[in-house]
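Q: Predicted model follows, preceded by the sequence.
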Amino acid sequence: MDRRKFIALASTGTAAFLLPSSGPTGYPPSEADARARELVAQMTLDEKTLLMSGNRFNDVSQNNKAGSRYPNPNHGCRRLGVPTVRFMDGPAGVRFDYRATCFPAAIGRGASFDPALEERVGEAIGYEGRTLGANLFGGIVVNLLRHPRWGRAQETFGEDSHHLGAMGSATVRGVAKHMMPVIKHFAANSIENTRKKLDVRMSERVLREVYLPHFKTCVNAGAASVMSAYNKVNGEYCSYNRHLLTEILKEEWGFDGFVMSDFDAVEETVPAALAGLDLEMPKVVYYGDKLAAAVRAGQVPEKQLDDSCIRIIRTMLRFGLFEPACLDYNRVAGREHAALARESAEKSLVLLKNDSGLLPLDPGKIKKLALIGPFAGKLNLAGTSSSMMIPPYKVTPADGIRRLAPEADILLDKGRLPLKAAALAREADAAIVFVGLTEWDEQEGRDRWRMTLSPAHEALILAVARANQNTVVVLSSGSALVTERWIDLVPSVLAAWYPGMEGGNAIARVIFGEVNPSAKLPMVWPKSEDQLQPFHGWAREVEYDYFYGYRHMDKAGLEPRFHFGHGLSYTTYEYSNLRLDQKQIPRDGVIRVAVDVTNIGKVAGEEVVQLYIGYSGSRVERFVKDLKGFTRAALEPGQTKTVTLEVKTEDLAFYNEAARSWEVEPIKYEVYIGPSSNRADLLRTEFEIFA
């Protein structure tokens with residue numbers, strides 16, 4: 001088949017299924033830019049405006065469920081052999097119904113604190129998406145989780161900017177091996193109920209220090225596209241916020257990819273084009289003929305369209321999308337990716353509490369085990385709209401537990417009647433209650449009503465815990481829960497999030513000790529919602545200040561139920577001998593922090609070592625401490641390892657609004673290192689930056 005025929009097929013999205021290939025090879029950046037400029041110079045005005053427009057309803061997907069069976073395309077330019085951009089969500093895997101691997105929700109993968117694992121997950125997602133005919137992956141959500149009631153909390157990695165940047169950039173690197181990775185939603189998207197009307201107000205310093213750094217980290221990692229958010233920032237819709245899209249993203253950060261809108265997020269033609277929005281999705285509403293008319297009327301210079309089209313084509317060339325990529329279909333949701341989904345789920349499970357060492361259970365000593373609750377015999381994946389997946393199979397907790405405890409008598413009950421469930425639990429050696437949130441509690445377009453479980457789920461926990469002192473609670477949720485009504489009555493609690501299609505196997509392996517839990521909370525869990533900053537779920541305008549999450553609680557001196565970074569293990573780690581490579585460094589230096597970590601328990605495990613920095617004597621208000629580094633350390637019983645983390649002084653700067661620049665202060669900085677953000681758990685030292 002000659003190249004011209006292939007390119008024609010590529011524009012329909014079918015070429016990926018027709019030709020064998022060892023994988024696409026992208027153009028080097030300079031060649032991609034030159035070739036893109038050559039092509040755009042040959043395009044008519046109408047071809048340019050169509051390239052900048054989605055084409056959902058003129059595609060094969062018009063008679064099917066777009067976004068879950070077929071990708072959402074733009075128009076491409078068939079005359080010049082420019083293939084279509086073919087967009088596919090979502091945060092837990094590409095959303096091809098019944099075909100693609102469903103990985104744990106991003107919030108669970110964030111709990112792993114494992115960027116290397118996340119990059120492998122991203123590569124698998126990119127491989128599957130490209131094999132199934134997509135080329136633009138839109139499931140990398142790096143919005144900061146300002147409040148746990150945000151309806152899309154499960155789609156992001158957590159509440160800390162440094163952690164978000166590390167995990168999001170890992171996904172970008174992985175996906176980029178096969179598809180164009182999109183990061184979203186730019187910026188300050190953290191309320192669902194009023195997301196299309198909400199104006200998020202904040203100072204330039206808060207914007208720069210809190211809501212943008214993780215996006216910049218992902219841009220630097222090679223993001224191909226940035227998706228604009230629905231909301232406004234400081235009075236301007238993000239889809240035509242020139243300060244965000246052009247002044248910061250394209251000019252300051254040097255982003256050379258393209259900006260696409262969230263679906264149906266464009267409100268006007270001229271402001272969007274002038275602000276630097278390159279692609280309207282998923283269909284033509286304000287671009288296409290309207291944009292061409294605006295150019296002819298002199299409202300938008302054609303060179304603005306040229307820049308957008310060059311960006312789109314250049315990015316496609318750089319990622320090798322003009323070439324075939326018929327990868328091995330058998331790898332899609334095959335054994336390799338299923339094993340990766342299980343590994344990711346295992347490293348996402350957070351052991352919140354384990355009084356008296358109830359976990360792990362010994363399957364050889366369990367004669368009767370009661371599995372109670374709506375998510376015991378059903379795998380809870382939650383998710384709606386862009387985060388909903390229908391995997392080829394699901395392993396329920398009951399399935400996984402039966403496999404590992406084949407001799408045990410499994411008593412299964414949905415928990416609809418607490419008294420009946422309690423009677424069943426009373427007969428068992430141990431009881432495991434599976435409860436949590438669902439797609440009705442948190443979803444795209446709707447925020448959570450409450451921070452607690454439903455009254456019915458709390459009543460079920462209380463009934464079972466009173467009937468059996470060996471009760472374990474396994475929680476499904478997309479973010480933090482308030483657990484005060486029942487947690488003191490339960491010996492062991494495990495946060496399972498939404499664990500993906502292999503979730504049941506992962507949960508069982510942790511419960512029976514085949515896997516030593518190592519995940520950490522990527523957000524603080526308060527004792528009550530009053531401990532958090534207010535959540536304005538129905539606001540049309542909201543003011544965001546500097547403090548939120550664990551930073552807010554540090555400032556207020558509040559003690560949460562579980563600190564950011566908290567997570568227990570079946571072994572115990574001891575930290576000692578904290579030291580720095582130097583005590584005084586210049587403003588453009590690097591500080592290296594070392595600490596010895598020893599496994600003083602009886603089983604092997606992995607510890608997430610966390611580094612926080614505090615600011616002593618700053619002339620502006622700063623966080624009491626914030627995360628600046630983390631890594632995993634695998635340790636055998638009795639083994640000691642020296643863990644070293646680096647912090648660049650440029651990462652300690654604050655944004656000086658008066659000077660419109662970043663400033664590193666010559667002051668003392670506190671160094672905290674340990675297993676969580678809890679100050680009681682942290683070793684401390686300090687260093688000084690000199691002028």
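A: Yes, it's here. Numbers count the residues shown, from 1 in each chain.
Q: Verify the stated contact: Asp355 with Asp488.
A: No: if you go by Cβ atoms under 8 Å, Asp355 and Asp488 don't touch, sitting 9.5 Å apart. For every residue, glycine as well, the C-beta is placed using N, CA and C.
Q: can you tell me which strand in the protein is longest?
A: In the chain, ranked by residue count with DSSP state E as the criterion, the top strand is strand 605-616.
Q: What helices and strands are in contact with it?
A: Strand 605-616 sits against strand 573-580, strand 590-599, strand 626-635, strand 640-648, strand 668-674, with contacts defined as 3 or more Cβ pairs under 8 Å, 6 or more residues apart in numbering; DSSP states H and E.
Q: Repeat the analysis, applying 7 Å as the threshold.
A: Counting contacts by 3 or more Cβ pairs under 7 Å, 6 or more residues apart in numbering; DSSP states H and E, strand 605-616 is packed against strand 590-599, strand 626-635, strand 640-648, strand 668-674.
Q: which residues sit against the first one?
A: Outside of strand 590-599, the residues that reach it under the criterion Cβ atoms under 7 Å, 6 or more residues apart in numbering are 571, 573-582, 585, 605, 607, 609, 611, 633, 635-648, 671, 673, 683, 687.
Q: Just the buried ones among those residues, please.
A: Applying a neighbour-count criterion of 16 or more other Cβ atoms under 10 Å, the buried members of those are 571, 573, 575, 578, 585, 605, 607, 609, 611, 633, 635, 641, 643, 645, 647, 671, 673, 687.
Q: Could you save the helices and strands packed on strand 605-616 as JSON lines and add columns showing mean pLDDT?
A: JSON lines is the format used below for the helices and strands packed on strand 605-616 (pLDDT from 0 to 100):
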{"stretch": "strand 590-599", "mean pLDDT": "98"}
{"stretch": "strand 626-635", "mean pLDDT": "98"}
{"stretch": "strand 640-648", "mean pLDDT": "98"}
{"stretch": "strand 668-674", "mean pLDDT": "98"}
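Q: Tell me which of those approaches Ser387 most closely.
A: Minimum separation from Ser387 across the helices and strands packed on strand 605-616 (Cβ to Cβ) falls at strand 626-635, 25.4 Å.
Q: Not counting the closest one itself, show me its contacts.
A: 113-114, 160, 162-163, 551, 597, 599, 604-613, 641, 643, 645, 647, 651.
Q: Sheet-wise, list the partners of the longest strand of the chain with their directions.
A: Neighbouring strands of strand 605-616 in its sheet, by DSSP bridges, are strand 626-635 (antiparallel), strand 668-674 (antiparallel).
Q: Deepest in the core, which of those is it.
A: Highest mean neighbour count among these (mean count of other Cβ atoms under 10 Å): strand 668-674, with a mean of 21.
Q: Export stretch 233-244 to PDB, keeping only CA atoms.
A: Output of stretch 233-244 as PDB, limited to C-alpha atoms (Å, rounded to 0.1, in the frame of the first residue of the first chain):
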ATOM      1  CA  VAL A 233     -10.300  32.400  36.200                       C
ATOM      2  CA  ASN A 234     -10.400  36.000  37.300                       C
ATOM      3  CA  GLY A 235     -13.400  36.900  35.100                       C
ATOM      4  CA  GLU A 236     -12.400  35.200  31.900                       C
ATOM      5  CA  TYR A 237     -13.500  31.700  30.700                       C
ATOM      6  CA  CYS A 238     -10.500  29.400  30.500                       C
ATOM      7  CA  SER A 239     -11.200  28.700  26.900                       C
ATOM      8  CA  TYR A 240     -10.400  32.300  26.000                       C
ATOM      9  CA  ASN A 241      -8.200  33.400  28.900                       C
ATOM     10  CA  ARG A 242      -5.300  34.800  27.000                       C
ATOM     11  CA  HIS A 243      -3.300  35.300  30.200                       C
ATOM     12  CA  LEU A 244      -3.400  31.500  30.800                       C
END
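Q: what distance separates that stretch from the centre of its chain?
A: Relative to its chain's centre, stretch 233-244 lies at 23 Å (Cα atoms, centre = their mean, to the nearest Å).
Q: List the buried residues in that stretch.
A: For stretch 233-244, using 16+ other Cβ under 10 Å, the buried residues are 233, 236-242, 244.
Q: got it, and stretch 600-617?
A: Buried, per 16+ other Cβ under 10 Å, within stretch 600-617: 601, 605-615.
Q: pLDDT below threshold where in this structure?
A: For the chain, the stretches flagged by pLDDT under 70 are 1-25, 57-68.
Q: hang on, the earlier thing: dump the buried residues of stretch 233-244 into CSV; add distance to Gly373 and secondary structure as well.
A: Listed next are these as CSV, based on distance: Cβ to Cβ, whole Å; DSSP: H, G, I helix; E, B strand; the rest coil:
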residue, distance to Gly373, secondary structure
Val233, 41, strand
Glu236, 46, strand
Tyr237, 43, strand
Cys238, 40, helix
Ser239, 42, helix
Tyr240, 47, helix
Asn241, 45, coil
Arg242, 51, helix
Leu244, 44, helix
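Q: Which one of those is nearest to Phe258?
A: For these, the nearest to Phe258 is Ser239 (13.3 Å; Cβ to Cβ).
Q: close enough to count as contact, that closest one and Thr269?
A: No: assessed by Cβ atoms under 7 Å, Ser239 is found out of contact with Thr269, at 11.0 Å.
Q: I'd like the distance between the residue of the chain most remote from its centre and Lys48.
A: Distance from the centre of the chain peaks at Ala297, with 42.4 Å (Cα atoms, centre = their mean). Plainly put, Ala297 is 16 Å away from Lys48 if you go by Cβ to Cβ, to the nearest Å.
Q: Now Leu683: closest residue in space that isn't a chain neighbour?
A: Leu578 (4.3 Å; Cβ to Cβ, 6 or more residues apart in numbering).
Q: Please name the residues that touch that neighbour.
A: Contacts of Leu578 (Cβ under 7 Å, 6+ apart): 595, 673, 683, 685.
Q: Next one: it from Ile689, what distance?
A: 19 Å.
Q: next one: Arg416
A: Taking Cβ to Cβ, one finds Arg416 at 60 Å from Ile689.
Q: Looking at these two, which is more packed in?
A: Shown here are Arg416 and Ile689; by other Cβ atoms under 10 Å, Ile689 has more neighbours (19 against 11).
Q: Hmm, Lys668 and that one touching each other?
A: No: in terms of Cβ under 7 Å, Ile689 does not count as a neighbour of Lys668; the distance is 8.3 Å.
Q: quick one, strands of the stretch 451-600 of the chain?
A: 471-476, 492-495, 541-543, 573-580, 584-586, 590-599 (DSSP state E, counting those that start in this stretch).
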